[in-house]
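K.L.:
Compute the structure for the input listed below.
(one chain, ligands or ions: 1)
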Amino acid sequence: MLTLDFHPTGRHFLQIPGPSPVPDRILRAMSLPTIDHRGPEFGALGLKVLADIKQIFQTQHPVVIYPASGTGAWEAALTNVLSPGDHVLMYETGHFASLWQKMATRLGLKTEFLSYPGKDEHLPAAAGWRHGVQAFQIEERLKADTQHSIRAVCVVHNETSTGVTSNVAAVRRAIDAARHPALLLVDTISGLASADYRHDEWGVDVTVSGSQKGLMLPPGISFNAVSPKALEASKTARLPKAFWAWDEIIEMNKTGYWPYTPNTNLLYGLSEACDMLLGQGLDTVFARHQRWGEGVRAAVRAWGLEIQCADPALYSPVLTGVMMPEGVDADAVRKIIYDRFDCSLGTGLGKVKGRMFRIGHLGDCNDLTLMAALSGCEMGLKLAGVNLAGSGVQAAMDHFSSHAAVVPQRKPA
Ligand code: PLP
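P.N.:
Residues are numbered from 1 along each chain as shown. Reported below is the predicted structural model:
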């Protein structure tokens, strides 16, 4: 027998920054029978989710939905607008920005990878992994590109490996200030529906996202939101693509269908997720994530540990990276918390492996879910022999009890 549902008592605390817990309401919606994806009922579902998801991206333009993980949607974004050998400007904010850059190189693009110009005493080997995109560097680089050979600028909005966001509107302003025609491609795989994100207002050409984070769905669908300029570029882009090609999908989407078999049950879930998020209002969704982030950071500070994000203006509302003191293996701490208290925390990825762990505070959670997770962290840190300055649990309790919840937990009678 598989031990996947090994479940002595109570719920597992899935506190990684995605996949995030899937609410019962969405699980129930996904358990409906799979229907004919060419039949009349499906068309209505397709049109609904395609309209709803535009509101989540804050765009009037098409959003393409793929039955793929976020990595697929990264590839779709690049292959639809670029040609072999095109010069792409990317920015190293962490592990996911690095993976996207690696993919672009593998696809035959000429990538230039900018990185944070400063130093960091706590993380000397990965200074840029504590900061966001520095828009001035993008502006300088684009101004120097007088031939306009750079075809696209690619940045990650919410770097899931670090807990640092980047100011996408500032990147847009930098491109405009340089009077440069490059397209702006943004990954908000872990930012969408948790952190404020505005595809149209911020002048983004392609936004990439996925299902398993703020949308509270299982992994398995991902998105490209496409501006008119990106759609125009796709008409002449020559990187090979077939499954990912926007043209046929957007054409069939007009009637609510796809050229291939879509992920029907995940689309039921998407419909339910959009009802939940839009019913609550995006501003409310963003505010509750901000508040959770503040509570978790209060705990980290009280422990006397370092928050990985070094710029308070860029703290992620989705996750917090917690750096370990010198000599403490973050994965050993995580293992204690997992084994003893049935709570999963995010591992340190790439350059910060073993140096930090990540607490996810997104999607289907509430104050007490986070208090439980923070208790698990505090007990685990102590069991691992980490010297704590004080009680993070107490600090978070103080924070949550002195700041009213953004959404009332019960409807007034
Ligand atoms: N980009 C970011 C910011 C991510 O957080 C992730 C996954 O966590 C990815 C890209 C890759 O997405 P996926 O694992 O769904 O392929």
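
K.L.:
C-alpha only now, for contacts and for neighbours.
P.N.:
OK.

K.L.:
report the longest helix in the protein, please.
P.N.:
helix 282-303 (DSSP state H).

K.L.:
Can you list the buried residues in that one?
P.N.:
Buried residues in helix 282-303, counted by 16 or more other Cα atoms under 10 Å: 282, 284-303.

K.L.:
and residue 371, that's in a helix?
P.N.:
Yes. Per DSSP: H, G, I helix; E, B strand; the rest coil, residue 371 lies within a helix segment.

K.L.:
hang on, it packs against residue 396?
P.N.:
Yes. In this structure, residue 371 is within contact of residue 396 by Cα atoms under 8 Å, at 7.2 Å.

K.L.:
Those two: which has the busier surroundings?
P.N.:
residue 396 (26 against 20; other Cα atoms under 10 Å).

K.L.:
tell me which element the more buried one is part of?
P.N.:
helix 392-402 (DSSP states H and E).

K.L.:
now the angle from that helix to helix 282-303?
P.N.:
Helix 392-402 and helix 282-303 are oriented at 140 degrees to each other (axes from the mean of the first three to the mean of the last three Cα atoms, to 10 degrees).

K.L.:
So what touches helix 392-402?
P.N.:
If you take Cα atoms under 8 Å, 6 or more residues apart in numbering as the criterion, helix 392-402 is touched by 294-296, 298-303, 367, 371, 374-375, 378.

K.L.:
Just name the closest of those to the ligand, please.
P.N.:
When those are compared for distance to the ligand (Cα to the nearest ligand atom), residue 296 wins out at 19.4 Å.

K.L.:
Not counting sequence-adjacent ones, nearest residue to that closest one?
P.N.:
residue 396 (6.3 Å; Cα to Cα, 6 or more residues apart in numbering).

K.L.:
list the buried ones in the helix holding residue 396?
P.N.:
Neighbour-count burial for helix 392-402 [16+ other Cα under 10 Å]: 392-397, 399-400.

K.L.:
Farthest pair within those?
P.N.:
Distance extremes for those: the farthest pair is 392 and 400 at 12.1 Å, using Cα to Cα.

K.L.:
Output the buried residues of helix 392-402 as CSV; include the columns pLDDT and distance to the ligand.
P.N.:
Output for the buried residues of helix 392-402, formatted as CSV (pLDDT from 0 to 100; distance: Cα to the nearest ligand atom, whole Å):
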residue, pLDDT, distance to the ligand
392, 98, 26
393, 98, 27
394, 98, 30
395, 98, 28
396, 98, 26
397, 98, 28
399, 98, 27
400, 97, 27
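
K.L.:
Check which helices and strands the host helix or strand of residue 251 is in contact with.
P.N.:
If you go by DSSP H and E, residue 251 is part of helix 246-253. Packing contacts for helix 246-253, counted by 3 or more Cα pairs under 8 Å, 6 or more residues apart in numbering; DSSP states H and E, involve helix 40-57, strand 63-66.

K.L.:
so where do the helices sit in the stretch 151-300 of the chain?
P.N.:
According to DSSP state H, counting those that start in this stretch, the stretch 151-300 of the chain carries its helices in the segments 168-177, 228-234, 246-253, 264-280, 282-303.

K.L.:
and the residue lying closest to residue 116 once chain neighbours are set aside, what does it touch?
P.N.:
Closest residue to residue 116 apart from its sequence neighbours, by Cα to Cα, 6+ apart: residue 128 at 4.7 Å. Residues counted as contacts of residue 128 (Cα under 8 Å, 6+ apart) are 92-94, 115-119.

K.L.:
so which of those are also by the ligand?
P.N.:
Applying Cα under 6 Å from any ligand atom to the contacts of residue 128, one finds that nothing falls near the ligand.

K.L.:
For the longest helix of the chain, give me every contacting residue.
P.N.:
By Cα under 8 Å, 6+ apart, helix 282-303 touches 56, 193-196, 277, 306-307, 315-320, 322, 361-362, 367, 370, 374, 388-397, 399-400, 405-407.

K.L.:
Can you give the distance from that helix to the centre of its chain?
P.N.:
The chain centre lies 16 Å from the centre of helix 282-303; the measure is Cα atoms, centre = their mean, to the nearest Å.

K.L.:
model confidence over it, on average?
P.N.:
Mean pLDDT, helix 282-303: 98.

K.L.:
now stretch 374-387: mean pLDDT?
P.N.:
Stretch 374-387 comes out at a mean pLDDT of 98.

K.L.:
circling back: buried ones among the contacts of residue 128?
P.N.:
92-94, 115-116.

K.L.:
Pick the one among those closest to residue 34.
P.N.:
The closest of those, once distances to residue 34 are taken by Cα to Cα, is residue 94, at 38.8 Å.
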